[in-house]
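1. A structural model of the following input is requested.
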Amino acid sequence: MMTYSLLDLNAHIRYAVALNFPEAIWVTAEIAQVNEARGHIFMDLVQKGEGEEGAIVAQAAAILWQRQYRQLRLQRGHALDEALCEGREVRLQVRVDFHERYGLKLIVLDADPAYTIGRMELQRRQTLKQLEEAGLLERNRSLPMPCVLQHIAVISSEGAAGLQDFQEHLRQNAFGFAFHLQLFSTAVQGENLEAEFLQALQQVALQAQAFDCAVVLRGGGARLDLSGFDALSVCRAAALLPIPLLTGIGHETDETVLDRVAYASLKTPTAVADYLIQHNLFFEGALLQWAEQVNELAQQHLRQQHLQLAHWETAAQWAAQTHLRSARQQLAYAEQTLPALARQTLRRAYDHLQRAETLCNALHPDAALRRGFSLTRKNGRVITSTQDAQPGDVIETQMADGAFRARVE
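-> Residues are numbered from 1 along each chain as shown. Alright, predicted model coming up:
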């Protein structure tokens, strides 16, 4: 079996390509990524299968040189720029070029701006339409965001470029906020993205009560690598997540469908970290403001109470002084009137005693005896009826000047 050097093999391929594609041809493809450098337009072209998954079945690099771009720009105007956008399916006239060192490249000679929008963009629009019809585009955004974000579910790859930046940014925040992160590892690009990402979302949903929110992190990369975040199954699961979802996929201009269904879409992982810190800072600021308001209300209440106490103190002093003056006046009046009242009372008591003495003397038995009356006793007891004395009884009769005994017959 003959062995070829790589250069010989590539030279043979170049000859075969030149032989089979001597003239320019028209191709249809989808622009997965487009970049401009020094006026040259570099594109990654893809073709996807017809199935629902839309797997990429072909891929090639293409370049539109600056000189050719200027000529086409004069011919096509702004329509050319509209066609040469990521996500567009375009019809390009290309010259197939193969270089021994740089490999296969399609040199763009012309473009048809009237060609239909690329399948990637059509699929993305279809996904957005289905989510909107199901009421899922705003569902996650309508969830209540906790006042403090500390327990964070992180959905990312352990080797993602932005994960470490996110962790360090939170760890070194200037306000000393503590964050508790739990990583749910998943692929963030490639064929395994959809299956692993769905599994990570399911795990987060099962433990949702343990987290304040979830974040999706990914570093920079090609636009083609973001296509997994436009998948309907991924976006539906993210929209149904029972806690707010933040995305920091790492592109300044690209917006995925996942960004559309998330609670908030940030451009980079560090921007997500800033969002979390800023959210907690707002709450801390609100607490400090509330504390200041409470302190001000307390001071105002104390001032009011001090004024009330001072009023009561003044009122008590005036009442006490008034009461003392009244008491002194009453004492002075009593001091003046008590001797006269005492003498008057004594005179009335003396007169009363005199009358009582006179009445007692008038009612005394001796007075009755002196008026000729007598007292008759039987066995020491005064008798008042003749029936009290029986024949033979000895009775004693008391007179004013003496007494005598007698026998009843």
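2. So what are the sheet partners of the lengthiest strand in the chain and their directions?
-> Among the segments of the chain that qualify as a strand by DSSP state E, the longest is strand 25-37. Strand 25-37 sits in its sheet next to strand 40-48 (antiparallel), strand 89-99 (antiparallel), going by DSSP bridges.
3. Tabulate the CA atom coordinates of it in PDB.
-> Output of strand 25-37 as PDB, limited to C-alpha atoms (Å, rounded to 0.1, in the frame of the first residue of the first chain):
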ATOM      1  CA  ILE A  25     -21.200  27.600  -8.400                       C
ATOM      2  CA  TRP A  26     -24.300  28.700  -6.300                       C
ATOM      3  CA  VAL A  27     -24.800  27.000  -2.900                       C
ATOM      4  CA  THR A  28     -27.400  27.400  -0.300                       C
ATOM      5  CA  ALA A  29     -26.400  27.300   3.400                       C
ATOM      6  CA  GLU A  30     -27.100  28.900   6.700                       C
ATOM      7  CA  ILE A  31     -24.700  31.400   8.200                       C
ATOM      8  CA  ALA A  32     -23.900  30.100  11.700                       C
ATOM      9  CA  GLN A  33     -21.300  32.800  12.500                       C
ATOM     10  CA  VAL A  34     -20.000  35.800  10.700                       C
ATOM     11  CA  ASN A  35     -17.000  38.100  11.600                       C
ATOM     12  CA  GLU A  36     -15.400  41.100  10.000                       C
ATOM     13  CA  ALA A  37     -11.600  41.600  10.100                       C
END
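4. Residue 407 - nearest residue in space that isn't next to it in sequence?
-> Distance criterion C-beta to C-beta, 6 or more residues apart in numbering; nearest residue to residue 407, sequence neighbours excluded, is residue 394 at 5.6 Å. For glycine as for every other residue, the C-beta is placed from the backbone atoms N, C-alpha and C.
5. sorry, back to before: can you give the distance of the longest strand of the chain from its chain's centre?
-> 48 Å (C-alpha atoms, centre = their mean, to the nearest Å).
6. In three-state terms, label the residue minimising distance to the centre of the chain for me.
-> By C-alpha atoms, centre = their mean, the chain has its centre lying nearest to residue 147, at 3.1 Å. Classification of residue 147 by DSSP: H, G, I helix; E, B strand; the rest coil places it in coil.
7. and the helix or strand containing residue 405, which strands flank it?
-> Using DSSP states H and E, residue 405 maps to strand 403-407. Looking at strand 403-407 with DSSP bridges, its partner strands are strand 394-398 (antiparallel).
8. Going by neighbour count, which residues in the strand it pairs with are buried?
-> 395, 398 (16 or more other C-beta atoms under 10 Å).
9. how about that strand as PDB, C-alpha atoms only?
-> C-alpha atoms of strand 394-398 as PDB (Å, rounded to 0.1, in the frame of the first residue of the first chain):
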ATOM      1  CA  VAL A 394     -94.100  41.900 155.300                       C
ATOM      2  CA  ILE A 395     -93.700  45.000 153.200                       C
ATOM      3  CA  GLU A 396     -91.300  48.000 153.600                       C
ATOM      4  CA  THR A 397     -92.400  51.500 152.900                       C
ATOM      5  CA  GLN A 398     -89.800  54.100 152.000                       C
END
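10. Quick check: which ranges of the protein have low pLDDT?
-> 51-54, 79, 82, 87, 114-122, 190-191, 220-225, 250-254 (pLDDT under 70).
11. could you redo the last one with a cut-off of 50?
-> 116-118 (pLDDT under 50).
12. need the longest helix for it.
-> What stands out as the longest helix in the chain, according to DSSP state H, is helix 269-363.
13. Check which helices and strands the helix or strand following that helix sits against.
-> Remark: after helix 269-363, the chain's next helix or strand is helix 365-370, criterion DSSP H and E. The contact analysis (3 or more C-beta pairs under 8 Å, 6 or more residues apart in numbering; DSSP states H and E) places helix 365-370 against no helix or strand.
14. buried ones in helix 365-370?
-> For helix 365-370, the neighbour count (16+ other C-beta under 10 Å) marks no residue as buried.
15. now swap in stretch 255-271 and tell me
-> Here stretch 255-271 shows 255-271 as buried, counting by 16+ other C-beta under 10 Å.
16. Look at residue 66 and say how many residues are nearby.
-> When neighbours are counted by other C-beta atoms under 10 Å, residue 66 registers 14.
17. show me the contacts for the residue lying closest to residue 389 once chain neighbours are set aside.
-> In this structure, residue 389 finds its nearest non-sequential neighbour in residue 408, 4.8 Å apart by C-beta to C-beta, 6+ apart. For residue 408, the contact set (C-beta atoms under 8 Å, 6 or more residues apart in numbering) comprises 389, 390, 391, 392, 393, 394, 395.
18. Go ahead and build a PyMOL selection from the buried members of the residues you listed.
-> To isolate the buried members of these in PyMOL, using 16+ other C-beta under 10 Å:
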select buried, resi 389+395
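19. quick one: contacts of stretch 182-194?
-> Stretch 182-194 is contacted by residues 55, 151-158, 160, 163, 196-197, 199-200, 203-204, 210-211, 217-218, 221, 225-226, 228-229, 231, 233-234 when judged by C-beta under 8 Å, 6+ apart.
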